[in-house]
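Novice: okay, sequence plus prediction incoming.
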Amino acid sequence: MAETTVKTSGPKRLTRGLLITFTGLLLFGATQALASAAAQDPEAVVDSAVAAVIQKGAFPGAVVVIGTSRDVLFSRGFGHFTWDGNSSVPSPDSTIFDLASLTKVVATTPSIIRLLEMGMVSLNDTVQSILPGFVGDGKESVTLLHLLQHRSGLRAFLPLNDLADSATQAKNLVLTEELRWSPGSRVVYSDLNAMLLGWIVEAVSGQTLHEFAMEKVFVPARMTRTRFGTRRSDRPHLMPVGLWRGNVISGRIHDQNAAILGGISGHAGLYSTGADLARYAQVWLNRGMGRNQRVFGRALASAFVERQPGGNRGLGWEMRDVESTGHSGSLLTASAYGHGGYTGTSIWVDPELDLFILVLTNRVFSPRTRRSITELRILRGVVADAAVLMKFASCDSVEVVVANSGGLCG
């Protein structure tokens, strides 16, 4: 493991550690615009990187928010809602994004934590004991823990919108889907696991997932713009997710499986803003504590982000893959955890560095490049590395561990 200690003389000086990171990123195909940004300060790096990816046609607009357990260090909107330069500019405070799979860790995972704390379920409970319709060979041994670890034995995906005519039929298809592998034998990231967790929340609490998450998670965390579905008053603030015959689509859920399930599902369907997600990330950095009250307990908050056997998974969360810069960059520590959403959303939280990074885009809105996912992954890594240097820019020294770790103020 090679270490580089860099002395900084001011809050706007880019350190040599980030230059090293950019060198590596360029080997993976980042643009020359990112290379020139490396001569600037970390905020300018983020500005230039996002602008470059918009210019390449990966998405028309984005919001980036970076912060710590106490403060927001960077909060900015980029581009426009659509490719029309006269459309609105995204705002971290008011623009509402379709979170897609971020729903799994922003609504479903904390709802399960709250049920555990209330003594209403345990991780060793079988799914079948709560959802009797979950039937089939070997399924009697699938537990809540298996679902959270993505080790249930279920396949990754079912095209419910093509196979079902109603929410009831779609739910039954998931409940009766056969196992592909023995429970606990392998990690396969699956939307079906999260759907089942959402139905478990509803079956045990007697509320919809929306109602339970709102009462037990969003309100205590002061997430005032986070909800399943949208309201009429939200319309001017909704980030578009597509074009249909020249008409901009916004406020209609992008995930078609969530749509057939009525818009409320454990795997997708949630909407939120950069400001709300920043508050949520701070809850995790503070081990379950919100600004004025505890959202969930410290012990479970820690347990859910411990690396699980067989892959880069926590419970619900993805753990940083230290073998690859990927979409988390080079400088976050092995303790970092996060998640992405198909619409172009992502969150990373690093408890060792006391840092969170949000990159929210509408990548699914008529991208002008075939490499939109690749461009977005590179961007996420660039922003993550810039965030580390941004946090430590005002320190007298920064110890940057280039391989597999992060930085510490000296």
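Specialist: Arrived safely. Numbering: from 1, shown residues only.

Novice: rest of the way, CA atoms for contacts and neighbours
Specialist: OK.

Novice: buried ones in the host helix or strand of residue 116?
Specialist: Per DSSP states H and E: residue 116 is located in helix 109-117. Of the residues in helix 109-117, those scored as buried under the neighbour-count criterion (16 or more other CA atoms under 10 Å) are 109-115.

Novice: so can I have CSV of the residues you listed showing pLDDT?
Specialist: Below are these laid out as CSV (pLDDT from 0 to 100):
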residue, pLDDT
109, 98
110, 98
111, 98
112, 98
113, 98
114, 98
115, 98
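
Novice: residue 371 and residue 53 touch, don't they?
Specialist: No: here residue 371 does not reach residue 53: they are 10.4 Å apart, not a contact under CA atoms under 8 Å.

Novice: same for the lengthiest helix in the chain, what does it pack against?
Specialist: With DSSP state H setting the assignment, residue counts place helix 372-392 as the longest helix in the chain. If you count contacts as 3 or more CA pairs under 8 Å, 6 or more residues apart in numbering; DSSP states H and E, helix 372-392 packs onto helix 16-27, helix 42-55, strand 355-361, strand 407-409.

Novice: ok, residue 304 - how many residues close by?
Specialist: Look at residue 304: counted by other CA atoms under 10 Å, it has 19 neighbours.

Novice: excluding chain neighbours, what is closest to it?
Specialist: Nearest residue to residue 304 in three dimensions, chain neighbours excluded: residue 315, at 4.7 Å (CA to CA, 6 or more residues apart in numbering).

Novice: what about the helices in the stretch 151-300 of the chain?
Specialist: Residue ranges of the helices in the stretch 151-300 of the chain, as given by DSSP state H, counting those that start in this stretch, are 160-163, 167-175, 191-205, 209-213, 256-260, 274-285, 298-303.

Novice: which of the helices and strands in this protein ranks last by mean pLDDT?
Specialist: Confidence across the helices and strands of the chain bottoms out at strand 3-7, with a mean of 29, counting by mean pLDDT, DSSP states H and E.

Novice: what sits against residue 262?
Specialist: Residues in contact with residue 262 (CA atoms under 8 Å, 6 or more residues apart in numbering) are residue 167.

Novice: domain-wise, how is this protein divided?
Specialist: Per automatic domain parsing, the structural domains of the chain span 3-95+273-409, 111-207.

Novice: and these, which is most packed in?
Specialist: Burial of these is given as mean neighbour count (mean count of other CA atoms under 10 Å); domain 3-95+273-409 ranks first at a mean of 21.

Novice: any idea how far it is from the chain center?
Specialist: Taking CA atoms, centre = their mean, to the nearest Å, one finds the center of domain 3-95+273-409 at 11 Å from the center of the full chain.

Novice: how about residue 101, phi and psi?
Specialist: Here is the backbone geometry of residue 101 (degrees, to the nearest 10): phi -70, psi -10.

Novice: I figured it was touching residue 344, is that so?
Specialist: No: using CA under 8 Å, residue 101 and residue 344 do not qualify as a contacting pair, with a distance of 9.8 Å.

Novice: low-confidence stretches in this protein?
Specialist: Within the chain, the stretches falling below the threshold (pLDDT under 70) are 1-40, 394-410.

Novice: how about residue 270, what does it touch?
Specialist: Residues in contact with residue 270 (CA under 8 Å, 6+ apart) are 98-100, 102-103, 107, 226-229, 264.

Novice: tell me which of the residues you listed is nearest to residue 303?
Specialist: Of all these, residue 107 has the smallest distance to residue 303: 17.4 Å, by CA to CA.

Novice: any idea how far the closest residue to that closest one other than its chain neighbours lies from residue 160?
Specialist: Once flanking residues are discounted, residue 107 sits nearest to residue 213: 5.9 Å by CA to CA, 6+ apart. Applying CA to CA, to the nearest Å, one obtains 24 Å for the distance of residue 213 from residue 160.

Novice: now residue 286. Nearest residue, chain neighbours left out?
Specialist: Ranked by CA to CA, 6+ apart and with sequence neighbours excluded, the top spatial neighbour of residue 286 is residue 69, at 6.1 Å.

Novice: give the contact list for that neighbour.
Specialist: Contact criterion CA under 8 Å, 6+ apart gives 281-283, 285-286, 354-355 as the residues in contact with residue 69.

Novice: and it, which of the three is it?
Specialist: Counting by DSSP: H, G, I helix; E, B strand; the rest coil, the backbone at residue 69 sits in coil.

Novice: quickly note the distance from it to residue 125.
Specialist: In terms of CA to CA, residue 69 sits 33 Å off from residue 125.

Novice: same question for residue 347.
Specialist: 29 Å.

Novice: and what of residue 268?
Specialist: In this view, residue 268 and residue 125 are 24 Å apart by CA to CA.

Novice: and residue 287, by the same measure?
Specialist: Noted for residue 287: a distance of 25 Å to residue 125, by CA to CA.

Novice: repeat that for residue 280.
Specialist: Applying CA to CA, the value for residue 280 to residue 125 is 27 Å.

Novice: residue 289 too?
Specialist: With CA to CA as the criterion, residue 289 and residue 125 are 27 Å apart.

Novice: residues touching stretch 174-193, excluding its own?
Specialist: Residues external to stretch 174-193 that are found in contact with it (CA under 8 Å, 6+ apart): 133-139, 141-142, 146-158, 196, 267, 310-311.

Novice: switch the cut-off to 7 Å
Specialist: Under the contact criterion CA atoms under 7 Å, 6 or more residues apart in numbering, stretch 174-193 has outside partners 133-136, 142, 146-147, 150-157, 267, 310-311.
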